[in-house]
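Engineer: Give me the fold of what follows.
(2 chains)
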Amino acid sequence: PGCGPFKHRVEVDPKFFDKSWKKLDDAIREIYNHNASGLSFEELYRTAYNMVLHKHGGRLYDKLAENLKGHLREMGKLVEAAQGGLFLEELQRRWADHIKALQMIRDILMYMDRTFIPSSKKTPVFEHGLELWRDIVVRSPKIHGRLVDTLLELIHRERMGEMINRGLMRNTTKMLMELGSSVYQDDFERPFLEVSASFYSGESQQCIERCDCGEYLKNAEKRLAEESERVSLYMDAKTADKIANVVDKEMLSIHMQRLFLMENSGLVNMLINDKHEDLTRMYDLFKRVPDGHSTIRSLMASHVKETGKILVTDPERLRDPVDFVQRLLNEKDKYDEIVSVSFSNDKTFQNALNASFEHFINLNNRSPEFISLYVDDKLRKGVKGAANEEDIETVLDKVMMLFRYLQEKDVFEKYYKQHLAKRLLSGKTSSDEAERNMLVKLKTECGYQFTSKLESMFTDLKTSQDTMQSFYANLSGDSDGPTISVQILTTGSWPTQPCATCNLPPEILGQTNMGNADIKATFGDRKHELNVSTYQMCVLMLFNSTDTLTYKEIEQNTAIPPVDLKRCLQSLACVKGKNVLRKEPMSKDISDSDAFHFNDKFSSKLVKVKIGTVVAQKESEPEKQETRHRVEEDRKPQIEAAIVRIMKSRRVLDHNSIVTEVTKQLQARFLPNPVVIKKRIESLIEREFLERDKVDRKLYRYLA
Amino acid sequence: QHKLGRGSRDKVQQFMAITGASEKVALQALKASDWHLEGSFDYFYSQPQISVTNSRHLEDLYSRYKERDADMIMVEGTSQLCNDLLVDPQDVVMLVISWHMKAATMCEFTRQEFIDGLQSIGVDSIEKLREKLPSLRAEIKDDNKFREIYNFAFAWAREKGQKSLPLETAIGMWRLLFAERHWPLIDHWCQFLQVRHNKAISRDTWSQLLEFVKTIDPQLSNYDEEGAWPYLIDEFVEYLTENGCVQRNK
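Structural biologist: Residues are numbered from 1 along each chain as shown, chains lettered A, B, ... in the order given. The predicted structure is shown next:
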């Protein structure tokens, strides 16, 4: 034998196969003994080639298999014999040897791989070698169990805080992966996930007894990070999601309710105490947990509703409308921040919040009135009066958010008009621009109809001012006459209040409860100019002819309604620094038997003294009933108009559908009561706009 | 009404003279027989309802009760009529008779209403009418007729020019009507109205009440809140529930 062209003469040798095989057999042995350097690749290749050429591929293949098995068994024994911690190392070493050997063997038998194997459909050499390794070494009864146990044991130790040989782990799992993904999954991944589940089951049980919610979540987060790192360091990437699911389930999902509801540390506690970090962690952790976010959402929503309800029904809070609204705004700010910082502005959370706010704000039917009073307060006092340095604009925007929650926007409209009128007529608005801004916001929200009357109130004011200017320009210096200031009010635009009677010294037509006047008054030797309301003016003018009057006399002479009169007298006699009248007795409240004296001892540092402006006030109970009654009356025609519109277009419709449609049409302004809708339908039947169907009494027909 | 030709008018006159029937009946019979006089007689005599009433007698009867200065029978005349019939003015049969007459207002009859009404009943004398009283009363027992009479009663009992029925009147009418057609809840209904409602009754409420009586059982077991019943009836149900008159499973 030597190099040379391949000649036929070789085939006649009966011992050809055995001789050839022996060469290969020896070579393989050397390879496994780390003695490959002395071999001639070319010669071996040629040998194998010839064997295959002479149709001995099958026998060669079988012989090879036998051969490999033999070597593998030997290696297996060595691995089995390894003690304790050396087991994995030995396995790795042998694996590395085997791989190297296989590579060489494959190269040698390349021709067989390329020609014989495809046609006989046998497994290629390298692959076959791996399969044999798998079956004889890895899955050998004495090795397999030990292998898995060792791996899991190490992982457990690492979980408990020990340092382990990660490189070894990686190599071992890589080996399993190379043996086939099902090997990795069946032999390692599945048991891994199983023990992990029971590990975390135990861990979570312990932890939840010991820790509060925040600590527990920190721990869960830590564990998740660990597992993720572990996978990236020594497992197949696909295991990452699977182990994450296990941890999620055992640590988070199973204990979810208990965690959220933990007293003094659970979700509600975190919300109350603005624990943003904890909340962020909770949000992130429960992202993947089934129903995680929806549970957080609904717990948050019911908490907000509850605290909101307490807020709006607390009788203490209801005494100060401005404070009431401020608290609502604070609450909104608080939760907006939580949603933004911790819940990454999640829209579904924002929506849940909105729904909760809408729910509790409407539990108190004075909310519309109070919100209007809040705006009134801000527009009077301007930025200087604001509680913090927020721009007025920002405050109004926030108020608009509350406005959107109102179901009875028409009630708000009524009050806003009243309050606006008072502001305008008493000149008590701090910034025209701010007023107009507010109107623009309302118009954007509710449409033109809402604000058209309000806007015309502004126009009237401008007209008044212009007219007054030209009036005074035309006066030829008659400065002794009383100065008057007149406001022009377009009928219909301004809110009318039941215009109470009042005997005015000169006859002035108008809204007697809203105007103001400047009076020159002399106290002893001091002269002051008093800015007073119309009512106050009437009362004070009485004292021109006498120094003392009883309550009854004043009432009779001015014909001012008692409720207003008492308020008026209080502002003249009971306010420190503004007491132009002296009351007898000196009590705080006005009673029918009181007497009033002109207070010539009154003094003030200022020449011009403002006495009691017409301030928008929270309505008294009867006033409130009155306003509500008017709102209800206003709603009736709106409901009827909606019914007629709907019936005109649909012609025939059943009762429930009408109720649904009407509600839909009107809900931007208020929520109509189904009983009221029914009554309106009956009224329309009576007036022959509609009739009942002759056959189906639940149907109504439009009568053209 | 289209104008009759000369020949047709003659036939009408002939028919009336021979049978003694009114112009209205004559027209009906002639039209039914396509303006053949012989055929119209056959038609006339084969119709048992169109019994022989003498228009002359009816005119006389009308004159007996009508006002002296007006062409109407009013309260006095009606009262007299009741006397002659030997019935109480509150007797329900008067309602039935008024219904036949399509009378517009209680205790008032126009000439047309009176005469046509008696004709459709098929009588032309007080004695004959008196004989008919039992069968008239019996008409109330018929479901369809009762419904018509019930609904008729609303407009009939109203004041002229009013849309609704005053409560007292309505209660009186209901008691009258449901005395004949037993409704177990009638007393509760009247009591409820007096205690809670105190306003006039609309036509819709009136007619819907009959539906209520007919379809809903006295224990209200099949009453449906979503049933588009008038608001007053919903309130009545509430009233009954509150006062423990019925047991409802909500």
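Engineer: Distance check, A:A225 against chain B.
Structural biologist: From A:A225 across to chain B, the span is 56 Å (Cβ to the nearest Cβ, to the nearest Å). For the C-beta atoms, the positions are set from N, CA and C on the backbone; glycine is no exception.
Engineer: Can you give me the buried ones in the helix or strand hosting that residue?
Structural biologist: For A:A225, the enclosing helix or strand under DSSP states H and E is helix A:213-234. Buried residues in helix A:213-234, counted by 16 or more other Cβ atoms under 10 Å in any protein chain shown: A:213-214, A:216-217, A:219-220, A:223-224, A:227, A:230-231, A:234.
Engineer: now the angle from the next helix or strand after it to helix A:213-234?
Structural biologist: The helix or strand immediately downstream of helix A:213-234 is helix A:239-247, counting by DSSP H and E. Between helix A:239-247 and helix A:213-234, the angle comes out at 150 degrees (axes from the mean of the first three to the mean of the last three Cα atoms, to 10 degrees).
Engineer: Which other helices and strands does helix A:239-247 contact?
Structural biologist: helix A:190-210, helix A:213-234 (3 or more Cβ pairs under 8 Å, 6 or more residues apart in numbering or on different chains; DSSP states H and E).
Engineer: which secondary structure elements does the helix or strand following that helix contact?
Structural biologist: Next helix or strand after helix A:239-247 toward the C-terminus (DSSP H and E): helix A:256-260. Contacts defined by 3+ Cβ pairs under 8 Å, 6+ apart place helix A:256-260 against helix A:213-234, helix A:292-313.
Engineer: and those helices as CSV, adding mean pLDDT?
Structural biologist: Formatted as CSV, the helices and strands packed on helix A:256-260 follow (pLDDT from 0 to 100):
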stretch, mean pLDDT
helix A:213-234, 96
helix A:292-313, 92
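Engineer: Distance to B:T205 added to the ones you listed, as CSV?
Structural biologist: CSV is the format used below for those (distance: least, Cβ to Cβ, whole Å):
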stretch, distance to B:T205
helix A:213-234, 61
helix A:292-313, 39
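Engineer: can you give me phi and psi for A:D654?
Structural biologist: Here is the backbone geometry of A:D654 (degrees, to the nearest 10): phi -90, psi 160.
Engineer: Go ahead and confirm it touches A:L699.
Structural biologist: Yes - taking Cβ atoms under 8 Å as the definition, A:D654 is a contact partner of A:L699 at 5.3 Å.
Engineer: How much space separates the single nearest residue of the stretch 401-550 of chain A relative to chain B from A:K679?
Structural biologist: Using Cβ to the nearest Cβ, the closest approach of the stretch 401-550 of chain A to chain B is made by A:E408 at 22.4 Å. Taking Cβ to Cβ, to the nearest Å as the measure, A:E408 falls 19 Å from A:K679.
Engineer: and what of B:T110?
Structural biologist: Counting by Cβ to Cβ - B:T110 and A:K679 are separated by 37 Å.
Engineer: and what of A:Y111?
Structural biologist: For A:Y111, the distance to A:K679 (Cβ to Cβ) stands at 100 Å.
Engineer: Contact partners for the spatially most central residue of chain B?
Structural biologist: By Cα atoms, centre = their mean, chain B has its centre lying nearest to B:W99, at 1.9 Å. Contact analysis of B:W99 by Cβ atoms under 8 Å, 6 or more residues apart in numbering or on different chains lists B:148-149, B:152-153, B:156.
Engineer: Alright, calling it a day.
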